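Student: Here is a sequence with its predicted model. Questions after.
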Amino acid sequence: MTAAVETIAWTGDPPWHLIGKSVPGDLSPREMQVAVGLDWSVEKVPLRYEFQEKTLDSKQFALVRNVDGRMLDIVRSNSWNPVQNDAAFDFFDRFVRLNHMTMEVAGSLRDGKIVFVLAKMNQGFDVDARAEDHTDGYLLFTNPHQYGQAVDIRLTPIRVVCMNTLSLALKTASKAVVKYSHRHRFDVEAARSVFEESLQVLSDYRDAARFLASRRYDTASLKRYFETCFPYIPNMHTRSPTPGRSSANAQRALAVVEAQPGADYAAGTWWNALNTVTYLTDHELGKSSETRLHSAWYGKGEKRKRQALELAFEYAKAA
């Protein structure tokens with residue numbers, strides 16, 4: 001069975017998921033890579049099969065981890081080459097140093113298929129003048145050991161009071177920020193462009209958060225909002241939601257909307273409603289902390305939180 005979280009290490013205070021191990025804050029990126037157990041590589045191994053007493057070449061490759069022989073994926077092209085962890089950490093380090101950031105969390109998910117680093121931007125915002133409800137800006141770097149995928153960078157704001165996360169895509173991050181062929185090349189201008197865009201996206205998110213905190217919900221709208229974010233699905237085979245019915249998660253959201261961490265900062269507002277969805281997704285839903293983390297960053301939870309932001313904004317504009 002695939003482990004949702006294989007290994008995680010962090011500096012400073014334990015992260016919200018309370019899994020993994022603490023490491024000293026003065027480690028270099030290479031030392032961090034070794035400490036978290038990511039000092040391994042992958043290679044393409046030809047896939048062959050037996051047919052009528054003959055060994056035939058499938059013209060495909062197994063992407064295999066060198067430390068244990070685990071097959072991470074099937075590669076369908078000889079021209080596609082994986083990004084090794086050493087190269088990825090080198091890129092992360094250059095990007096972080098260039099933009100005066102700090103690496104805080106690193107690890108691997110799904111038995112090594114996803115290697116990630118979470119770096120603090122040292123940029124954030126307060127939702128109101130009291131400066132109690134603060135959000136820090138982070139960039140989530142992902143190096144997937146999966147065919148056809150490459151290094152991904154996303155802005156991930158984290159609300160300090162509850163450690164809720166929200167993944168926001170960057171337009172330039174999908175472009176040639178990191179170029180890999182047979183050697184690694186770091187593009188300074190592209191890295192600066194990604195960071196500058198992340199600052200703009202963080203600023204846009206700040207404006208959205210303050211707007212949501214200025215608009216109050218009514219009971220009927222809030223109920224519809226949670227029923228949309230957490231739809232009632234009676235038949236798990238068809239996956240077809242039933243409008244007007246409240247799922248257990250929607251009912252749970254109504255119960256914690258004014259009791260979650262930080263609820264008193266913007267009581268009765270759509271900012272609280274949004275954070276209820278992110279709070280439940282990051283801290284309560286799923287079978288374990290490990291499955292929650294993968295879902296919240298890369299799976300259904302990540303998608304739910306982005307949709308919840310868009311929907312909360314629509315409800316707030318109508319309020």
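Tutor: Noted; the coordinates are in hand.

Student: residue ranges of the strands in the stretch 101-250 of the chain, please?
Tutor: 102-109, 114-126, 134-144, 152-155, 158-159, 164-165, 168-169, 178-180, 184-186 (DSSP state E, counting those that start in this stretch).

Student: how about TSV for the ones you listed, with distance to E227, mean neighbour count and mean pLDDT added?
Tutor: Every C-beta, even on glycine, is put in place using the N, C-alpha and C of the backbone. Output for the strands of the stretch 101-250 of the chain, formatted as TSV (distance: least, CB to CB, whole Å; neighbours: other CB atoms under 10 Å; pLDDT from 0 to 100):
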stretch	distance to E227	mean neighbour count	mean pLDDT
strand 102-109	30	22	92
strand 114-126	30	20	94
strand 134-144	27	22	94
strand 152-155	28	22	91
strand 158-159	24	24	94
strand 164-165	21	24	92
strand 168-169	25	15	88
strand 178-180	41	19	51
strand 184-186	47	15	63
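
Student: just the helices in the stretch 201-319 of the chain please.
Tutor: 219-229, 248-256, 270-283, 289-298, 300-318 (DSSP state H, counting those that start in this stretch).

Student: So for V194, which of the strands of the stretch 101-250 of the chain sits nearest?
Tutor: Nearest to V194 among the strands of the stretch 101-250 of the chain is strand 152-155; the distance by CB to CB comes to 5.8 Å.

Student: Point out the other helices and strands that that closest one packs with.
Tutor: Strand 152-155 sits against strand 134-144, strand 168-169, helix 188-213, with contacts defined as 3 or more CB pairs under 8 Å, 6 or more residues apart in numbering; DSSP states H and E.

Student: That one pairs with which strands?
Tutor: strand 134-144 (antiparallel), strand 168-169 (antiparallel) (DSSP bridges).

Student: okay, those in CSV with distance to R48 next?
Tutor: Below are those laid out as CSV (distance: least, CB to CB, whole Å):
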stretch, distance to R48
strand 134-144, 25
strand 168-169, 39
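
Student: out of those, which comes closest to D93?
Tutor: Across these, closest to D93 is strand 134-144 (CB to CB), at 10.3 Å.

Student: what about dumping the CA coordinates of the closest one to CSV?
Tutor: Extracted in CSV, the C-alpha atoms of strand 134-144 (Å, rounded to 0.1, in the frame of the first residue of the first chain):
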residue,chain,number,x,y,z
HIS,A,134,-1.8,37.2,10.1
THR,A,135,-1.1,35.2,7.0
ASP,A,136,2.5,34.3,5.9
GLY,A,137,3.4,33.7,2.2
TYR,A,138,5.1,30.4,1.3
LEU,A,139,6.2,28.8,-1.9
LEU,A,140,5.6,25.1,-2.4
PHE,A,141,8.3,23.6,-4.6
THR,A,142,7.4,20.1,-6.0
ASN,A,143,9.6,17.7,-7.9
PRO,A,144,7.4,14.8,-9.0
